[in-house]
Structures are given as C-alpha cells and as structure tokens.
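Asker: sequence and computational prediction follow.
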Amino acid sequence: IRDSRFGITLFMKDGGLYEDIAVRNVRFSGARTRHSAEYPIYIDVDRRSAASTLGRVRDLRLEGLRIESRGNLLIQGHPQSPIEGLRMRDIEFVVGDDAVALPVLRGKPRGNALVGTLPDSVDYSRESAHISIAHARGVWFDDVRVQQGAVQRPTLFTKDVERSES
C-alpha cells in the first residue's frame, strides 16, 4: 500500500461483525497528502448515529507487516463492545522524521464527513504514542518493533486492555 493516508482499515458501524480476519505480509508506505495524520492500521468500533447498534470485531491477526509512516496505529473498540482477540506478530514500524505531534490533531477519522461525534464515542487518536490500543480483550504481541524518528513518543498507549496469556 503506497501513497495512502490509510492502510489496513476497519470502520465498524451499525451493528456489523468483522470476524476471523488475517492480514499477512503487507507493506505500507504513507503519502504526503493534505491530511495531517496517517493511519497504517486503523480499527474503530463506533456508532454512525444514536439509533445505531454497536458492531463487533473479533479474532483479528496482523502478521508480517512492514510500515513506514509519519502516523500512528490506532486500534480501538468501544467500552460496550471491546475488540476480542487481537494478535500482532512480526511487525516493523519505522516512524518518519516528519511524524505529526498527535495532540494537535482534530480527532479520529469517522469514515465520512457527515458522521458526527456521539456522546458515548471514544477517541484515542490524540494520545501521544506510536501504537494506541483501547477497549480490547485477548491482545497478544510477538516481535512488534518500532523505530522512532525525530518526533519522540511513547511506543504504546493502552486503555482498558486485557492481554492474552497465549
């Protein structure tokens, strides 16, 4: 994936189910677009409207990824619908020297300009970390490497995350 703002992206809206997904051996090289942020990996469980049902994401495997980007990885379930079973293995993330200072961003992408923010919506896009994971159960890491650029951030931010024992 080249010259793109988004790489592996799952916008979960309106009561759907993403299940048993494996993404393997993908290379991502970000673009220089008008947008101030890139998301080589972006997974979000949210509602499109107050009447929408929350969807679910479970059993997601990300393996053998090579990422070069100025952005960050954002994986967030919802407090009422956490991501279940996230495995990240053999991932190399080289952060560009032109990385964005995340707290200045306006907020997470919503998938469509017409989708507004709801009172129970969560947004961890401004957390100052290269990888942000929130509201997830059964998270497993093996050989996930981050090579920092000129903008120094913590490698990992987590909120309401339970790690897997296996």
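Answerer: Now that the structure is in, tell me what you want to look at.
Asker: strand partners (parallel or antiparallel) of the longest strand along the chain?
Answerer: Using DSSP state E, we find that the single longest strand of the chain is strand 131-147. According to DSSP bridges, strand 131-147 forms sheet pairs with strand 73-76 (parallel), strand 83-95 (parallel), strand 156-163 (parallel).
Asker: tell me which stretches of this structure form strands.
Answerer: 2-4, 6-12, 17-24, 27-30, 39-45, 56-69, 73-76, 83-95, 131-147, 156-163.
Asker: including mean neighbour count and mean pLDDT, could those strands go into TSV?
Answerer: All C-beta spots, glycine's among them, are computed from the backbone N, C-alpha and C. As requested, the strands of the chain are arranged in TSV below (neighbours: other Cβ atoms under 10 Å; pLDDT from 0 to 100):
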stretch	mean neighbour count	mean pLDDT
strand 2-4	12	86
strand 6-12	20	92
strand 17-24	12	97
strand 27-30	19	90
strand 39-45	26	93
strand 56-69	19	96
strand 73-76	26	95
strand 83-95	19	96
strand 131-147	17	96
strand 156-163	16	95
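Asker: okay if I get the ones you listed as TSV plus distance to Gly107?
Answerer: Shown next, in TSV, are those (distance: least, Cβ to Cβ, whole Å):
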stretch	distance to Gly107
strand 2-4	20
strand 6-12	14
strand 17-24	22
strand 27-30	19
strand 39-45	11
strand 56-69	19
strand 73-76	11
strand 83-95	20
strand 131-147	13
strand 156-163	16
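Asker: the residue most central in space within the chain and Ala50: what is the separation?
Answerer: Against the mean C-alpha coordinate of the chain, by Cα atoms, centre = their mean, the closest residue is Leu74 at 2.2 Å. Note on Leu74: its distance to Ala50, by Cβ to Cβ, to the nearest Å, is 23 Å.
Asker: also Arg87?
Answerer: When Arg87 is compared with Ala50 (using Cβ to Cβ), they lie 33 Å apart.
Asker: shouldn't the residue nearest to the centre of the chain be in contact with Val45?
Answerer: No - between Leu74 and Val45 there is no contact under Cβ atoms under 8 Å: 11.8 Å.
Asker: circling back to that earlier point, just want the angle from the longest strand of the chain to strand 39-45.
Answerer: Here strand 131-147 runs at an angle of 160 degrees relative to strand 39-45 (axes from the mean of the first three to the mean of the last three Cα atoms, to 10 degrees).
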